[in-house]
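Q: fold the stuff below for me.
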Amino acid sequence: MTAAENVCYTLINVPNDSEPPSEISLKTDLEKGEIKSKTEALKKVIIMILNGEKLPGLLMTIIRFVLPLQDHTIKKLLLVFWEIVPKTTTDGKLLQEMILVCDAYRKDLQHPNEFIRGSTLRFLCKLKESELLEPLMPAIRACLEHRHSYVRRNAVLAIYTIYRNFENLIPDAPELIHDFLVNEKDASCKRNAFMMLIHADQDRALDYLSTCIDQVHTFGDILQLVIVELIYKVCHANPSERARFIRCIYNLLQSSSPAVKYEAAGTLVTLSSAPTAVKAAAQCYIDLIIKESDNNVKLIVLDRLIELKEHPTHERVLQDLVMDILRVLATPDLEVKKKTLQLALDLVSSRNVEELVIVLKKEVIKTNNVTEHEDTDKYRQLLVRTLHSCSVRFPDMAANVIPVLMEFLSDTNEAAAADVLEFVREAIQRFESLRPLIIEKMLEVFHAIKTVKIYRGALWILGEYCSTKDDIQSVMTEVRRSLGEIPIVENEIKRESGEVKAEEEVSAAPAQKLVTEMGTYVTQSALSSSRPSKKEEDRPPLRGFLMDGDFYVAASLATTLTKLALRYVIIVQDKKKQNSFIAESMLIMVTVLHLGKSSLPKKPITDDDVERISLCLKVLSECSPLMNDIFNKECRKSLSHMLTVRLEEEKLSQKKESEKRNVAVQADDPISFMQLTAKNEMTSKDDQFQLSLLAAMGNTQRKEAADPLASKLNKVTQLTGFSDPVYAEAYVHVNQYDIVLDVLVVNQTSDTLQNCTLELATLGDLKLVEKPSPLTLAPHDFANIKANVKVASTENGIIFGNIVYDVSGAASDRNCVVLSDIHIDIMDYIQPASCTDAEFRQMWAEFEWENKVTVNTNITDLNEYLQHILGSTNMKCLTPEKALSGFCGFMAANLYARSIFGEDALANVSIEKPIHLGPDAPVTGHIRIRAKSQGMALSLGDKINLSQKKTSV
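A: Numbers count the residues shown, from 1 in each chain. This is a model prediction of the structure:
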């Protein structure tokens, strides 16, 4: 075992700026100083030994002048000192001085102070020399009967570690501890004793548990946790024992300790897949989520519920508990609510959808009464989306949901209102029977809509789906009400002149010459007016939008009026009424155009909007059948096609999910009978306790790819040349936030290399955790050195350094071999993720760091290039497959990924195939990357630049 792999019990923080003291000054302080100076000197000695100093001359000084002292701080420091000091000679024999130390240990084990006894017993757990432990065994046994529980529980731990390492010193330990356990009353002592029996003599542990199985619920929580672990291990090793202990696990579900309930529920599910067991465990998890105040606990337990749902046989049991799961929505945290709603949506079925919708409707109404808060808006959005999904999957529910949600169209929060609008658009297209209800509710809330985006959408829906004479007239009435008196320009001037004299009201400012983005000159004349602000507040909504200069809504209004007028002509046969309606529609469009061209609005109308309104006027003046067909049929066909494609994609993703979860058993697969399974075959199931321990230590095992190129060898980096005196190579193992460098160092010379040290430094957001210990390498010997590096964010990092060593017997200076740089790959931290188009656009607008990469590749196919980029950057393509299919010479796609640190990375690929350069011309274009941090954007750009070209195999 190398020095780097030695077990370390005690970690001590060392200040780097202090000057190391000399051995003589330390000796003086230890011999003649006061208690305080002796304490400081002892601390310095400990730090120096930890840094590799030997200091053999101080050993006897400490034994003579420091060991007899009764000061508690010094006694504690001495335990650390005896732990780290070398106790053997170079040939492996115990130092003579250690006999004196052993006698001091024995006295401390008989000390009247329980702290000194207990801390000495803890120290003995760390000793690896049986010669030192043997004389102390009677004193250790005697500590089991000490009056204080602190001493007794540490005595149990000391006996356990000694029995595990040197069984010959205390062969009757299991029997001794079993007798101790039967008579012990303290919970912590019982827990330690029971834990020892589990690992040392499981049969005795089971015997003890059998005698007190009915009293388990009265034990302390720490002992109950160990009992759960024992039952788990026993039942997995020997399934026939399940019936004996499963009742005990059921009882522990009622424990007062949340930790015990959590472990018992997890164990119960692994021991039994019976519906009653799954239901009891799930109910226990739900109670924990509701009662625990810590959001992290809630999220962890929710994850366990989601894991339960993944099992096909458990899903039906959980479907009956949907209403209980929805109780979690009382939690204020948004992330918990999000997971809960997703879980409820996954579990919803025709049996419980009605109850689910009732609860969600209540929650939506509650959010309306709460004081506005950022999370309230987001929660309302989540609820709207969940109700949307329920209505799509269960069309019968749509009629109950729509009236409640339509009220939110007048909400000030645009995001929630936009979600409602999207839902209404889909519902009105899919469910013909609901169209009258939706149009009626839409007309009710139309006047109260506050945001222009929602207003545009509502106009489109009314224009597209109003098909009766009364509805069309109602829409026209609402539009006139929302516009106010027309013509608008004259009315506005009149309103202003009512307050201010005409000559004072409007004064033309001198014309300004401006340069547009295209580089052309435009002349802008502004009218400065002194109209009172209170008058602006009195304007109807649509007029308010137009006066603010938002004429895109005017283009939408023109399209809506054109559709309605063309439909009105078909429905109503009276020519006079037809002409009257068309004339009214045209008057509204003309007055809006007039307003746009005037200088009253804050911004003038754009050319696009003028063109659109003019086109609508032309269509109404001609009323040709072709235009009628385009406006009234083709628009709806486009929406129908888009919704069909989206539904197909959802069904396809759901099918893939269900295929993943359904365990397919082939016809000729062998049937596994639990009773006939051999013990060694039972190990196929992972030990949950072991897995959780490994996860906590950061040692989760990743499954290596079957491809040998993707195995460990692919991550080995050569650090020095083959002709260097010291050859070194490193295996870079990335484990979430840690990087472990396993460096192989080979002495290629015929000399002994002393103090061979690996010196490392980092560049970027990396931090070296500890300095590797120096080694001594025999001629042609090799050793492994491990170094840990912490990672703080997603950006490219570089580790560089050198190996320094002394040649044994040489008088020259230290030798140095410079190592090659190790580049840490950003791809180890980036994972594909998905988000909605709206979220992507929002993040794209918010993120300030952009990196534009020019495409420089030898790939000639657009789709192949996109797949190559996706493969080399771990990003996910958000653009649907159908939008990318076909060939038109260019392609645009959005990519998204998230790092394990929670950082988002967005990319937009805009590429084209220059056909004029021939069929073999490579792809050209740009990739724009946006991220919140500069490091992420630059690192991802570097990665794309490095991997753009396809390497020929």
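Q: show me what counts as buried in stretch 309-322.
A: Residues of stretch 309-322 classed as buried by neighbour count (16 or more other CB atoms under 10 Å): Lys309, His314, Glu315, Val317, Leu318, Gln319, Leu321, Val322. (Glycine included, C-beta is placed from N, CA and C.)
Q: TSV for those, including distance to Met195, pLDDT and secondary structure?
A: Below are the buried residues of stretch 309-322 laid out as TSV (distance: CB to CB, whole Å; pLDDT from 0 to 100; DSSP: H, G, I helix; E, B strand; the rest coil):
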residue	distance to Met195	pLDDT	secondary structure
Lys309	33	82	helix
His314	31	78	helix
Glu315	36	78	helix
Val317	33	81	helix
Leu318	34	81	helix
Gln319	39	79	helix
Leu321	34	82	coil
Val322	39	81	helix
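Q: tell me the one of the residues you listed nearest Asn154?
A: The shortest gap between Asn154 and any of those belongs to His314, at 43.2 Å (CB to CB).
Q: might you report the residue contacts of that closest one?
A: Val269, Ser273, Val278, Leu308 (CB atoms under 8 Å, 6 or more residues apart in numbering).
Q: same list, those residues, but as a markdown table with secondary structure, distance to Val260 and pLDDT please.
A: Formatted as a markdown table, the contacts of His314 follow (DSSP: H, G, I helix; E, B strand; the rest coil; distance: CB to CB, whole Å; pLDDT from 0 to 100):
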| residue | secondary structure | distance to Val260 | pLDDT |
| --- | --- | --- | --- |
| Val269 | helix | 15 | 83 |
| Ser273 | coil | 22 | 77 |
| Val278 | helix | 19 | 85 |
| Leu308 | helix | 19 | 83 |
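Q: these into CSV, with extra columns for neighbour count and distance to Tyr552?
A: As requested, these are exported to CSV (neighbours: other CB atoms under 10 Å; distance: CB to CB, whole Å):
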residue, neighbour count, distance to Tyr552
Val269, 21, 56
Ser273, 12, 58
Val278, 23, 54
Leu308, 20, 49
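Q: what is the most widely separated pair among those?
A: Greatest spatial distance among these (CB to CB): Ser273 and Leu308, at 10.5 Å.
Q: burial of the nearest residue to Gly889 once chain neighbours are set aside, as a residue count?
A: Closest residue to Gly889 apart from its sequence neighbours, by CB to CB, 6 or more residues apart in numbering: Lys913 at 5.3 Å. Residues near Lys913, counting by other CB atoms under 10 Å, number 21.
Q: isn't Lys913 right up against Val923?
A: Yes. Using CB atoms under 8 Å, Lys913 is in contact with Val923, at 6.1 Å.
Q: and Cys756, helix, strand or coil?
A: Per DSSP: H, G, I helix; E, B strand; the rest coil, the local secondary structure of Cys756 is strand.
Q: returning to what we had before: reformat the buried residues of stretch 309-322 as a markdown table; add distance to Gln202.
A: Converted to a markdown table, the buried residues of stretch 309-322 look like this (distance: CB to CB, whole Å):
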| residue | distance to Gln202 |
| --- | --- |
| Lys309 | 34 |
| His314 | 30 |
| Glu315 | 35 |
| Val317 | 32 |
| Leu318 | 34 |
| Gln319 | 39 |
| Leu321 | 36 |
| Val322 | 41 |
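Q: which two among these are spaced furthest apart?
A: Greatest spacing in those, by CB to CB: His314 and Val322 (13.6 Å).
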